Structure formats: structure tokens, C-alpha cells
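# Quick check, what structure comes out for this input:
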Amino acid sequence: MSNHLPALRLRHALQLVLAAAVPALLVLALPVRAVTQSTMVLTVELPDGPSAGARLFSEKGCARCHAIGGRGPRLGPDLGGTVLVGNVLELTGAFWNHAPVMGAKMKELGIRRPTVTTAEMADLVAFLTAFRYYDNRVRAPGNPVIGRQVFVEKNCAECHEGPISWTTPGPNLEKYRGRYAPIFLAQAMWNHSTKMSEHMQARGMAWPLLSGQQMTDLVAYLQVGGTAGGVDPVYFEPGSPRRGQTLFTEKRCNECHSIAGKGGHGGPELGTRGHEMVRSVPDLAAMMWNHRQQMHAEFTRRNIPFVTFEGQEMADVVAYLYFVNYAHVSGTPERGRGVFAQHCAACHALGQKSVGPDLTIAPGLDTPIGIIAAMWNHSTRMEEQVRQRGLAWPKLAPGDTADLAAYLIVNHRASAPLARAR
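Down below sits the predicted model:
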């Protein structure tokens with residue numbers, strides 16, 4: 001689906017979409033399945049519609065200290081200017097490490113620390129991750145001058161240049177200038193790639209490979225200097241990771257690509273590529289573009305029709321690829337036991353009450369995000385205990401949060417029948 005917006009208001013419209021309706025991950029833990037005796041995969045569900053993360057960011061007082069993409073106060077770091085990578089528990093673990101600093105600043109400003117439900121924590125974390133993707137600021141803005149150079153160096157001008165000509169096989173691109181969002185242009189290039197490949201082979205030309213920055217600059221060149229005669233631009237809504245997950249199967253991408261061990265072989269595993277997938281729209285589009293020839297050869301070998309996209313489809317698939325590693329979390333309960341002993345056991349015991357509550361029966365600790373929300377809500381009380389006991393604030397290293405969550409979930413579920421009997 002596309003929205004028609006006045007050309008001069010395109011950037012403003014993007015900010016409104018981000019502020020009011022950013023599609024984000026509804027982080028609901030699915031049943032845990034064992035991968036080995038020591039590792040568990042905690043899968044989280046991808047969303048379909050927009051979350052309340054943007055609204056909560058304001059309601060919970062986050063906007064009083066943190067800017068988003070340069071808009072807002074600078075008492076804390078600009079959360080829209082930070083590349084948030086890794087899975088959801090690594091991200092929430094970073095929030096936890098920041099809790100004492102936040103608490104001190106909020107106390108200084110007379111702000112009461114907000115509490116959050118599990119769903120609210122999921123929405124907030126997802127919004128902050130999604131903002132970077134949908135605002136398309138993971139890399140510097142495109143340079144149309146350099147984009148013109150890319151257009152010539154990659155031989156685009158051999159087929160697409162100037163007014164309509166009887167001698168050039170490609171269509172005139174002037175109609176696209178200033179009218180279309182980057183993802184639409186990437187989709188148009190992809191759908192046109194079969195004819196492009198045929199013409200290039202006939203002319204003895206190599207397939208043009210593009211870096212993410214080159215794709216960004218090329219799209220910038222194709223967007224400037226619009227001559228559309230007052231026609232409104234075609235603006236794509238931000239992609240939906242959940243719809244993208246469905247399309248990933250419907251387009252038969254999963255026959256060659258696996259994610260977290262599920263899927264076919266022939267293409268690379270996409271669920272273990274981590275930071276490589278946390279990129280801007282042009283970056284991910286360039287990855288697909290560079291992979292196009294190998295994909296076409298594999299399609300031919302498997303007798304699969306070449307994949308094309310229409311409407312919102314490429315935006316949805318790219319959104320899914322961006323979020324796929326965020327939503328797949330592996331934790332090792334045995335390592336989590338060590339994290340618990342090092343950071344939690346001074347106040348908490350499993351199976352009995354200590355200074356803190358018994359975490360095997362405490363409500364809401366049966367999902368990863370539920371655990372993080374409970375830790376956040378408990379942080380004020382924890383800070384008091386840490387000060388009274390002369391302890392250091394427990395800092396969680398990458399991987400610690402997932403391991404701790406796996407350990408607590410295993411023990412929480414093991415104790416559930418006993419809790420009901422009581």
C-alpha cells in the first residue's frame with residue numbers, strides 16, 4: 001500500500017509516521033524448545049501492526065532526557081542516533097546497566113522512575129530499534145553528486161540516460177525523480193533485473209555490484225531534481241516484519257535460506273549474521289542486489305520462478321531481514337546459573353525467600369521480556385540495597401541477560417507445579 005503526500009512534506013511525513021506508528025516487535029515469548037542439553041532458543045513473535053512504543057516513550061518520561069534522531073533534549077544520549085544491534089535481550093541488558101545513572105539523573109530532576117509492564121517494555125525496546133531502521137540513518141545521507149558518478153561507473157547510463165531514445169534499451173528514469181521512496185526504487189530495480197541481465201549479457205557487460213553507500217548515493221541521485229510536474233510522490237509505509245516473515249515463505253526464500261536452523265540450503269544462513277543484517281534499507285537492498293545472479297542461477301536449477309515484488313512486499317521482506325536476529329535469542333541455563341551466583345545471589349535465593357523475593361514463583365518471570373521488565377521495576381529497591389550493603393551495581397556483559405533469562409525460566413517452570421500445590 002502507498003500513501004500520496006505533497007512533495008515538500010515528505011520528510012515531515014516520515015517524522016510523523018515514526019512518532020505515531022512505527023511498526024515494532026511485539027515481543028511475546030513463544031514456547032522454549034531445547035536445541036542441545038545446554039542451550040535453549042527463546043523465539044519472539046514478530047508484529048503485524050504498529051506498536052505503542054513511540055507514545056510510551058513520551059508517557060514514561062523518556063523524552064524529558066533523551067532525544068530521538070536529533071529531536072528533543074540532550075540530558076541523556078540521543079537514542080535515535082545510536083545503532084542498536086544484537087538481540088532483544090542484549091538491548092535490554094544495556095538498559096539495565098544504565099539504570100543507576102538514569103536513576104540518579106531522574107532523582108536530581110525530581111522525576112519519578114516509571115514502571116513498565118512486560119508489553120510496554122517490549123514496545124519501548126522495539127520502537128528504539130525500529131527508529132534507526134525506518135528513519136534510514138544507519139549510514140550518512142546519500143550524495144546525489146557521487147550517485148551520478150555511480151550511475152556512470154556502473155554503466156547504468158548505457159541503457160538509462162537522457163530523454164526517450166530509440167537506441168537505448170532501458171526506460172527513461174526522469175519520471176522517477178523526486179517521486180518515490182528509496183525502497184520503491186530498490187524494488188523497481190529488482191523487478192527490472194531480469195531484463196537488465198539479458199541486455200547486459202548481450203552487450204558483454206558485467207553485473208554491477210553495489211556497496212550499501214553506493215546504493216544510498218545512487219538512490220539519492222535518482223530522487224533529486226524531480227520533473228514530475230507536480231505529481232505527488234509515492235510514499236511507502238514502513239515495512240512489517242511479520243508480513244515479511246510470511247512473504248519469506250510465500251516467495252520461497254526459505255527453500256534456499258535457513259533462519260535459526262529452519263529452512264533450506266543453497267544460500268547462506270540468515271539467522272546467524274548478526275550485525276551484518278542491522279543496516280539501512282539501501283544496505284539490505286544492495287545485499288539482495290549483489291546476490292541476484294547467484295539467486296537466479298539457483299532458481300533455474302530448482303525450477304523456481306524468479307521472485308518479484310509488488311506494493312509493500314519488498315519493504316516487508318527487508319524489515320523482516322533487519323529484525324530477524326533481534327528476535328532470535330539463545331541462552332544457556334548453566335551459564336545463567338553462574339551469572340545468578342555472581343550478580344543476584346547476594347539478595348535472591350531460588351526456592352526460598354531471602355532479602356529479595358523467591359524468583360521461582362515471582363509473577364511475570366516466565367518470559368525473557370517479563371524478566372527484564374521485573375528487573376527494571378525492581379531497580380529502585382535494588383539500588384537502595386546495593387548502597388546499604390556496599391555492593392557494586394551488577395553489570396551484565398553481552399550474552400549474560402539471555403543466559404540469566406534461560407536459567408530463571410527453567411527454574412520458574414520447574415517450580416510451577418509446586419507453586420500451584422501451595
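
# where does the stretch 201-350 of the chain have low pLDDT?
Residues of the stretch 201-350 of the chain that meet the criterion pLDDT under 70 lie in 225-238, 272-280.

# again with the stretch 51-200 of the chain
Ranges of the stretch 51-200 of the chain meeting pLDDT under 70: 51-52, 80-86, 131-141, 161-168, 176-180.

# which residues in it form helices?
53-59, 88-109, 118-134, 144-153, 182-191, 193-202 (DSSP state H, counting those that start in this stretch).

# Correct me if wrong: His160 contacts Pro171.
Yes. Judged on C-beta atoms under 8 Å, His160 makes contact with Pro171 at a distance of 6.9 Å. For glycine as for every other residue, the C-beta is placed from the backbone atoms N, C-alpha and C.

# ok, His98 to Lys395 distance?
If you measure His98 against Lys395 using C-beta to C-beta, to the nearest Å, the figure is 10 Å.

# Then Ile259?
31 Å.

# quick one on the thing from earlier: how about the helices of the stretch 51-200 of the chain in TSV, adding distance to Pro363 and mean neighbour count?
Output for these, formatted as TSV (distance: least, C-beta to C-beta, whole Å; neighbours: other C-beta atoms under 10 Å):
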stretch	distance to Pro363	mean neighbour count
helix 53-59	21	18
helix 88-109	19	17
helix 118-134	10	25
helix 144-153	55	17
helix 182-191	42	21
helix 193-202	53	14
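
# Can you say which of these is nearest to Ile361?
Among the helices of the stretch 51-200 of the chain, the nearest to Ile361 by C-beta to C-beta is helix 118-134 (16.9 Å).

# Could you check the angle that closest one makes with helix 88-109?
100 degrees (axes from the mean of the first three to the mean of the last three C-alpha atoms, to 10 degrees).

# distance of the residue nearest the centre of the chain from Glu120?
Among the residues of the chain, Phe323 comes closest to the average C-alpha position under C-alpha atoms, centre = their mean, at 3.7 Å. Here Phe323 is placed at a distance of 19 Å from Glu120 (C-beta to C-beta).

# ditto for Cys347
Distance from Cys347 to Glu120, by C-beta to C-beta: 25 Å.

# What of Ser193?
Separation of Ser193 from Glu120 (C-beta to C-beta) stands at 43 Å.

# next one: Val339
Applying C-beta to C-beta, the value for Val339 to Glu120 is 25 Å.

# again, but for Ala220
37 Å.

# How about Ala188?
Taking C-beta to C-beta, one finds Ala188 at 39 Å from Glu120.

# same question, Leu365
From Leu365 across to Glu120, the span is 16 Å (C-beta to C-beta).

# before we move on, the earlier item: quick one, which of Ile259 and Lys395 is more surrounded?
A direct count of neighbours by other C-beta atoms under 10 Å for Ile259 and Lys395 places Ile259 higher, at 21 against 11.

# Surely that one and His328 touch.
Yes. In this structure, Ile259 is within contact of His328 by C-beta under 8 Å, at 7.5 Å.

# residues bridging contact with these two, i.e. touching both?
Residues touching both Ile259 and His328 (C-beta atoms under 8 Å, 6 or more residues apart in numbering): Gly271.

# Kindly list the main-chain dihedrals of Lys262?
Note on Lys262: its backbone torsions stand at phi -100, psi 120 [degrees, to the nearest 10].

# List the residues that contact it.
Contacts of Lys262 by C-beta under 8 Å, 6+ apart are Asn254.

# do you know how far it is from Ile361?
Distance, Lys262 to Ile361, by C-beta to C-beta: 34 Å.

# Likewise for Ala374?
Using C-beta to C-beta, we find Ala374 at a distance of 13 Å from Ile361.

# who has more neighbours, the two?
Comparing Ala374 with Ile361 by other C-beta under 10 Å, the one with more neighbours is Ala374, at 21 against 18.

# Please identify the helix or strand for the more buried one.
Following DSSP states H and E, one finds Ala374 within helix 368-377.

# contacting residues for Leu359?
Counting by C-beta under 8 Å, 6+ apart, Leu359 makes contact with Cys344, His348, Leu350, Leu365, Leu408, Asn411, His412.

# which non-adjacent residue is nearest the first one?
Counting by C-beta to C-beta, 6 or more residues apart in numbering, Cys344 lies nearest to Pro394, which is 7.1 Å off, once chain neighbours are set aside.

# and that neighbour, which of the three is it?
Under the three-state scheme (DSSP: H, G, I helix; E, B strand; the rest coil), Pro394 adopts coil.

# burial measure for it, as a count.
18.

# mind listing what the nearest residue to Ala260 once chain neighbours are set aside touches?
Take Ala260 and drop its neighbours on the chain: the residue closest to it by C-beta to C-beta, 6+ apart is Gly271, 4.0 Å away. The contact partners of Gly271, by C-beta under 8 Å, 6+ apart, come to Ser258, Ile259, Ala260, Gly261, Val324, Asn325, His328.
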